[in-house]
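[1] attaching a predicted model along with its sequence, questions to come.
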Protein chains: 2
Amino acid sequence: MSQPSNRLRPTNSVLTALPDAEYLRIAEHLIEISLKQGEVLHESDTPAQYVYFLDEGVASISVSSEEGKELMLSIVGDEGIVGERAIFKEGYFIIRCEMLTDGSGRRMLPKAFEEEFNRGETLHQLVLNRMEARTTETAQTALCNQMHSVERRLARWLLTLADRLHAEEMHVTHEHMANMVGVRRAGITNAVGVLREEGLIKSERGTVTILDRARMEAQACECYAIIKEAIETFTS
Amino acid sequence: MSQPSNRLRPTNSVLTALPDAEYLRIAEHLIEISLKQGEVLHESDTPAQYVYFLDEGVASISVSSEEGKELMLSIVGDEGIVGERAIFKEGYFIIRCEMLTDGSGRRMLPKAFEEEFNRGETLHQLVLNRMEARTTETAQTALCNQMHSVERRLARWLLTLADRLHAEEMHVTHEHMANMVGVRRAGITNAVGVLREEGLIKSERGTVTILDRARMEAQACECYAIIKEAIETFTS
DNA sequence: GCCTGTCTGTACGTAGTCGCACGTTATTTT
DNA sequence: AAAATAACGTGCGACTACGTACAGACAGGC
């Protein structure tokens, strides 16, 4: 499970975008980790324990309501950061972050991260860009939840998840998808059925595979393209 | 309309929170302005022209869909900043910002703002805190739109607007409220009727007044308290 | 004063989603 | 192999909000 630290160069886009000198300095604080599906990286109402840079696997960013329902806002993979709000010493954090799949990556302590961030070098800009991308994604999600049908929203989330995973086959249950889209499970079963009948996806127990990406993108709402462009702009 | 620059100390919480030396340096770049209701401070898909620090009046932060519908994400008054994403040279900005009331304040050019921000002094932290507050507000709004009824959401927005305006009487039409809540105008007329019958608000043509704040807060969803706490934490 | 445009109240059929519940099929556990 | 658990499919009544349309009420300009 635990390899000797920093033997391999990471693939996480933040770390690879750092100039050598800055990376080497930061690498002093990085510890390689592997992560299991369901592992909680960051609980709501709690300061971040670590800042994570994922190489493999994806994590969900979500909020939950008093009534216990959950709503996903974003999915983070090797293009982003988790726990970056560690730069805020105190505060009221409503967001929860959990591994959607198994994965691996590196983590560092908030204090070290904050110090590096405050140097105002490359990491500073990279982190701000990711925050801006996340903000755009969250804003568009708010609109999408309000305006678009369950079926179109599901198509959007499946495309997004596939993008983050770099794979068209995804291990998710209807329950998971219900949390993404913010509807009840039975609503997902319907929507999955429609997408499957139209030949856009294949779905077995615990697995969904995108078969026809072009038509999926047509089926999804425009929010998919908007969010995709924002993320590409701010993470490249 | 235009008073000599910087004669009066601003009341905007960002500017008042700056240490004297930093404020004086920044004040070199500030120009006093007055703003009319409906004036657009920041169009979507366009880089910010200016960064604004409001003293009086409030502005809306909203996104719009392809179909032309609009959804409000946040209201900014003298506690916040508008156009702070000027610190991003390029990018894909989906957000639109428009004055909801007449107002006044100061503005500065993005370049000067960016330079001050990158000094990493007090302004840096103040801006980051506002961004975090906005992020929390947007996330909670996404959840709220998904989970709560029109009536509760309307109560939440009216309380929020009153907070930002520092007044219980608000000049808004049903059309405005429909954009806030993200529903059709007729839905607002219903909800207003209910709140009025219960004695929580008074409403005339183009005006709504909160009569019983305690009961309004009970009527609104928990999102109101959550967002309020986040904003107070990050702007004080 | 009158007229015009804005704002508000109301109505009605329809569509989408909810909440819940039950049954069936896989997969894992023992 | 049997039992338990997890995942999926389906059905149905209820309700919220939608889209649309029309009419009355108020305000400001001329």
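    On my side now, so go ahead.
[2] Three-state assignment for the nearest residue to residue A:121 once chain neighbours are set aside, please.
    Nearest non-adjacent residue to residue A:121, counting by CB to CB, 6 or more residues apart in numbering or on different chains: residue A:22, 5.7 Å away. The C-beta positions use only the backbone N, C-alpha and C, and glycine is treated the same way. What DSSP: H, G, I helix; E, B strand; the rest coil gives for residue A:22 is helix.
[3] please apply the same query to the one 10 residues further on.
    At residue A:32 the chain is in strand, as set by three-state DSSP.
[4] for residue A:61, same thing?
    Going by three-state DSSP: residue A:61 is strand.
[5] beta-bridge partners for it, please?
    Residue A:61 has these beta-bridge partners by DSSP bridges: residue A:74, residue A:97.
[6] hmm, it is touching residue A:95, no?
    Yes - contact status for residue A:61 versus residue A:95: in contact at 5.9 Å, counting by CB atoms under 8 Å.
[7] where do the contact lists of the two overlap?
    Shared contacts of residue A:61 and residue A:95 (CB atoms under 8 Å, 6 or more residues apart in numbering or on different chains): residue A:73.
[8] could you confirm residue A:72 falls within a strand?
    Yes - checked against three-state DSSP, residue A:72 lies within a strand.
[9] that one and residue A:64 touch, don't they?
    No - applying CB under 8 Å, one finds residue A:72 not in contact with residue A:64, separated by 10.2 Å.
[10] more neighbours: which of the two?
    Neighbours around residue A:72 and residue A:64, counted as other CB atoms under 10 Å in any protein chain shown, are more numerous at residue A:72. The numbers are 24 against 16.
[11] ok, the more buried one - contacts?
    A:60-62, A:157, A:179-182.
[12] generate CSV for those residues, with distance to residue B:175 as supplementary columns.
    Shown next, in CSV, are the contacts of residue A:72 (distance: CB to CB, whole Å):
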residue, distance to residue B:175
A:60, 36
A:61, 33
A:62, 33
A:157, 32
A:179, 34
A:180, 33
A:181, 29
A:182, 27
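[13] mind picking the two most distant members of these?
    Within the contacts of residue A:72, A:61 and A:181 form the most distant pair, 14.7 Å apart (CB to CB).
[14] neighbour count winner among these two?
    Neighbours were counted for residue A:61 and for residue A:181 using other CB under 10 Å; residue A:181 has more, 26 against 21.
[15] can you get me a residue count around the nearest residue to the more buried one once chain neighbours are set aside?
    Spatial nearest neighbour of residue A:181, chain neighbours left out: residue A:153 (4.9 Å); criterion: CB to CB, 6+ apart. When neighbours are defined as other CB under 10 Å, residue A:153 has 24 of them.
[16] go on, residue A:16?
    Residue A:16: 13 neighbours (other CB under 10 Å).
[17] can you give me phi and psi for it?
    phi -70, psi -20 (degrees, to the nearest 10).
[18] circling back: what's the overlap in contacts for residue A:72 and residue A:64?
    Counting by CB under 8 Å, 6+ apart, nothing touches both residue A:72 and residue A:64.
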